[in-house]
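Undergrad: sequence-free structure coming up:
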């Protein structure tokens with residue numbers, strides 16, 4: 001079954017990191033992606049541009065309305081995703097707990113419809 005791991009964090013509280021910390025973070029991501037790929041679980045992944053670049057679209061009474069920014073004001077913003085093919089929710093939870101940003105953000109796990 002395919003599970004989307006949605007990664008959230010508070011962009012306003014993101015610490016400034018040194019080049020060495022960025023290197024460690026990049027290596028953690030490379031290790032995670034290599035592990036999920038080797039296990040046959042990795043389907044896709046990507047990050048998102050900052051929420052300040054978002055555009056929200058609403059259609060009301062046949063008119064398309066757009067606004068800058070996210071749909072709702074929240075403390076945490078969606079920053080990226082990892083799509084995995086797992087045998088069950090327990091496996092998806094185990095992979096989510098290993099995500100490098102799980103310790104300073106939150107991971108929402110959502111099964112895809114009709115993903116058998």
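TA: All right, it came through fine. As the structure is a prediction and not an experimental result, all values here were calculated from the model. Residues are numbered from 1 along each chain as shown.

Undergrad: Show the low-confidence segments of the chain, by residue range.
TA: 11-15, 70-74, 115-116 (pLDDT under 70).

Undergrad: State the distance from the residue of it most remote from its centre to residue 111.
TA: What lies farthest from the middle of the chain is residue 61; by CA atoms, centre = their mean that is 32.8 Å. According to CB to CB, to the nearest Å, residue 61 and residue 111 sit 34 Å apart. Where you see a C-beta, it was placed from the backbone N, CA and C, and this is true even at glycine.

Undergrad: Please, where are all the helices along this structure?
TA: Taking DSSP state H, the helices of the chain run over residues 19-38, 89-98.

Undergrad: which one of the ones you listed is the most hemmed in?
TA: helix 89-98 (a mean of 15; mean count of other CB atoms under 10 Å).

Undergrad: the inter-axis angle of it versus helix 19-38?
TA: 160 degrees (axes from the mean of the first three to the mean of the last three CA atoms, to 10 degrees).

Undergrad: ok, residues contacting helix 89-98?
TA: Applying CB atoms under 8 Å, 6 or more residues apart in numbering, the external contacts of helix 89-98 come out as 3, 5, 32, 35-36, 41, 82, 84, 86, 102, 107, 109, 111.

Undergrad: returning to that earlier point: got the phi/psi numbers for the residue farthest from the centre of the chain?
TA: phi 50, psi 40 (degrees, to the nearest 10).

Undergrad: now it: how far from residue 68?
TA: 21 Å.

Undergrad: swap in residue 24?
TA: Taking CB to CB, one finds residue 24 at 34 Å from residue 68.

Undergrad: give the contact list for residue 29.
TA: If you count contacts by CB under 8 Å, 6+ apart, then residue 29 has residue 100 around it.

Undergrad: Please tell me how far it sits from residue 55.
TA: Noted for residue 29: a distance of 27 Å to residue 55, by CB to CB.

Undergrad: Residue 8 now?
TA: 19 Å.
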